[in-house]
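S.K.: Sequence below, structure please.
(chains A and B)
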Amino acid sequence: MCDEEYQTYVCQFTDVVYRTALNATKSYHDAQDILQNTFFKLLQTDMLFQDENHIRRWLIRVALNESRNLKKSYWKRMVEPVEDLSDRASVSGEPNNDLYERVMTIPPKYRMIIHLFYYEDYSILEIANLLHVNAATIRTRLCRGRKILKKLILEDI
Amino acid sequence: MDIKELYKDTMNAVHTPKDLFQDIKTQSFKQKDITPMKKQKHKSLFLRYATGTAVFALIMTVVFHTNFIAYAAEELKSLWIEITKNSYRLTSVLTPKGLDVSDFTLADRNQEYEVYEKLFPTVSDIAKRYDVNLLQSDWAYEWEEPYTVLTACGEENNINSIRIFCPYYIMGDLPVERDAMKNPRFSDLVYDPLYGSEQEAFDFYKNYTYQTPIYYCAYIYESDEYSDYKSGGLYDVEGIKILTYTSDKNGVEAVIATYPFLSKANMEFDELNPVTSAHFIYDGIEYMLKGRVQPEQMKKIIDSLYIK
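M.R.: The predicted structure is shown next:
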């Protein structure tokens, strides 16, 4: 991959990967680690990407795998996190900050599906493939997650 | 109020820290100057011996136990097609005679589909109500609480798929703890640390034949187009082991998959208490049974099934 290509991908997809990692880990520091690892893997890969969607999906998949590996690591098992969402340095000063923190309180199994469905516009089957969960379960979780999200949004308004 | 737009706006407010963004941008230049340092591994003699023995054992296992082979996604799909090649899909249950959602709850609606739900105490109640030949087991727990959910997907006048799901179908030798089973539709009977489990009602380390209940899923699709399971619900997860089983009792031809899932105690893959799932089509209906039992027990469960 040439530098120009890499730079283009970084500009296009950094936020996408960061938001996915944040959703998966709920920790800004972990999300940043995952972000760096993901783009490092992009540098190392010799995969030929067909189009923008292909690389976007690849990056999200790698980010999800990285977050899974992080949770399995000895460090994560043994160490209590000091910060959770208290470090708000990465979130710009926008009116919906509180809503973002509330969204992060959605249980993780619904949160990631909501993110992939609503934000990344993936279909149910694509999400099932990404997360290795069957599509019927995805539908059920999406339904539950929507209810929780709706309740959170209504509380905010 | 559009939930999707509100959610998107919320997430759009999240940005990568600027210094990190710059760091990542310049990562490619740094790569040219820095040669990755190889990790030096110092293995003890014992560790080398143990590793060699493990590799030898793995090779022997692969060579002599061809039923247990790591499968890739395409192979799983081919296996599913092969095992179900003589099966057909039941669609008559979706005719107006079979299903009327007017007394169902609308659980979800979006641009892709509508989801209707209705609760029943048991699978047997559904089979009687809709006159559907569902495979059932005498080992099924006779619940009085509404723990079985029938979900219908599609549009109100055009349902194209239904799913019958009971998370506590067979309790086996597990103690029945009703307080722990308050929200069965939320339950994940196996612990997935990435996504969590809202109830950890079952201990995988107690000395039971069943470490979790067996959950029962039956799917009926109007056509293959609506099937979620191009490979029968089999996924190429890490460590999956597959075997095929044909029951002498009822003729069910199933794929039995075993997953050494992550254990909740120490976040390691749990080989001793695997998740086992059975996937098959019988009489036009697609089934999945799943829980933490050994594969041999799952075979017995398959044998216990019959049309009541």
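S.K.: Pick out the residue closest to the middle of chain A.
M.R.: A:T20 (1.3 Å; Cα atoms, centre = their mean).
S.K.: contacts for the strand or helix carrying A:I148?
M.R.: Under the criterion of DSSP states H and E, A:I148 resides in helix A:135-156. Counting contacts by Cβ atoms under 8 Å, 6 or more residues apart in numbering or on different chains, the residues outside helix A:135-156 that touch it are A:96, A:98-99, A:102-103, A:105-107, A:109-111, A:113-114, A:117, A:124-125, A:127-128, A:131, A:133, B:1, B:3, B:6-7, B:107-108, B:115, B:151, B:153, B:163, B:165, B:185-186, B:217, B:219, B:228-229. Using the backbone N, CA and C atoms, a C-beta is placed for each residue, glycine as well.
S.K.: In ChimeraX, how would I select just the buried ones from those residues?
M.R.: Entered in ChimeraX, the line below selects the buried ones among the contacts of helix A:135-156, by 16 or more other Cβ atoms under 10 Å in any protein chain shown:
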select /A:96,99,102,103,106,107,109,110,111,113,114,117,124,127,128,131,133 /B:3,6,7,107,108,115,151,153,163,165,185,186,217,219,228,229
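S.K.: Count the neighbours of the closest residue in space to B:D283 that isn't next to it in sequence for me.
M.R.: Spatial nearest neighbour of B:D283, excluding adjacent residues (Cβ to Cβ, 6 or more residues apart in numbering or on different chains): B:N133 at 5.7 Å. Residues within reach of B:N133, counting by other Cβ atoms under 10 Å in any protein chain shown, total 14.
S.K.: on that earlier part again, buried ones in the helix holding A:I148?
M.R.: For helix A:135-156, by 16+ other Cβ under 10 Å, it's A:135-146, A:148-149, A:152-153.
S.K.: Among these, which one sits closest to A:V62?
M.R.: Closest approach between the buried residues of helix A:135-156 and A:V62, by Cβ to Cβ: A:I138, at 20.3 Å.
S.K.: now the chain, which segments are flagged as low pLDDT?
M.R.: You didn't pick a chain, so chain A it is. The model of chain A has pLDDT under 70 over residues A:71-97, A:155-157.
S.K.: um, chain B though
M.R.: In chain B (pLDDT under 70), the answer is B:1, B:27-73, B:89-98, B:110-112, B:155-157, B:178-205, B:223-238, B:261-271.
S.K.: Whether the host helix or strand of the residue nearest to the centre of chain A contacts chain B - can you check?
M.R.: Assigned by DSSP H and E, A:T20 falls within helix A:3-25. Yes - Helix A:3-25 reaches chain B (Cβ under 8 Å from any Cβ of the partner chain) through A:D3, A:Y6, A:Q7, A:V10, A:C11, A:T14, A:D15, A:Y18, A:R19, A:L22, A:A24.
S.K.: need the contact list for the fifth one.
M.R.: When the contact criterion is Cβ under 8 Å, 6+ apart, the partners of A:C11 are B:K25.
S.K.: Which parts of the helix holding A:T20 count as buried, going by neighbours?
M.R.: Using 16+ other Cβ under 10 Å as the test for burial, helix A:3-25 gives A:6, A:9-10, A:13-25.
S.K.: For that helix, list the C-alpha coordinates in PDB.
M.R.: Only the C-alpha atoms of helix A:3-25 are listed here, as PDB (Å, rounded to 0.1, in the frame of the first residue of the first chain):
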ATOM      1  CA  ASP A   3       1.600   6.300   1.400                       C
ATOM      2  CA  GLU A   4      -0.900   8.300  -0.500                       C
ATOM      3  CA  GLU A   5      -3.400   5.500  -0.300                       C
ATOM      4  CA  TYR A   6      -2.800   5.000   3.300                       C
ATOM      5  CA  GLN A   7      -3.200   8.700   4.100                       C
ATOM      6  CA  THR A   8      -6.500   8.700   2.200                       C
ATOM      7  CA  TYR A   9      -7.800   5.800   4.200                       C
ATOM      8  CA  VAL A  10      -6.700   7.400   7.400                       C
ATOM      9  CA  CYS A  11      -8.500  10.600   6.700                       C
ATOM     10  CA  GLN A  12     -11.600   8.800   5.600                       C
ATOM     11  CA  PHE A  13     -11.900   6.000   8.200                       C
ATOM     12  CA  THR A  14     -10.200   7.000  11.400                       C
ATOM     13  CA  ASP A  15     -13.400   8.300  13.000                       C
ATOM     14  CA  VAL A  16     -15.300   5.200  11.800                       C
ATOM     15  CA  VAL A  17     -12.800   2.800  13.500                       C
ATOM     16  CA  TYR A  18     -12.600   5.000  16.600                       C
ATOM     17  CA  ARG A  19     -16.300   5.100  17.100                       C
ATOM     18  CA  THR A  20     -16.600   1.300  16.600                       C
ATOM     19  CA  ALA A  21     -13.800   0.700  19.100                       C
ATOM     20  CA  LEU A  22     -15.300   3.100  21.600                       C
ATOM     21  CA  ASN A  23     -18.600   1.300  21.300                       C
ATOM     22  CA  ALA A  24     -17.000  -2.000  21.800                       C
ATOM     23  CA  THR A  25     -14.800  -1.100  24.800                       C
END
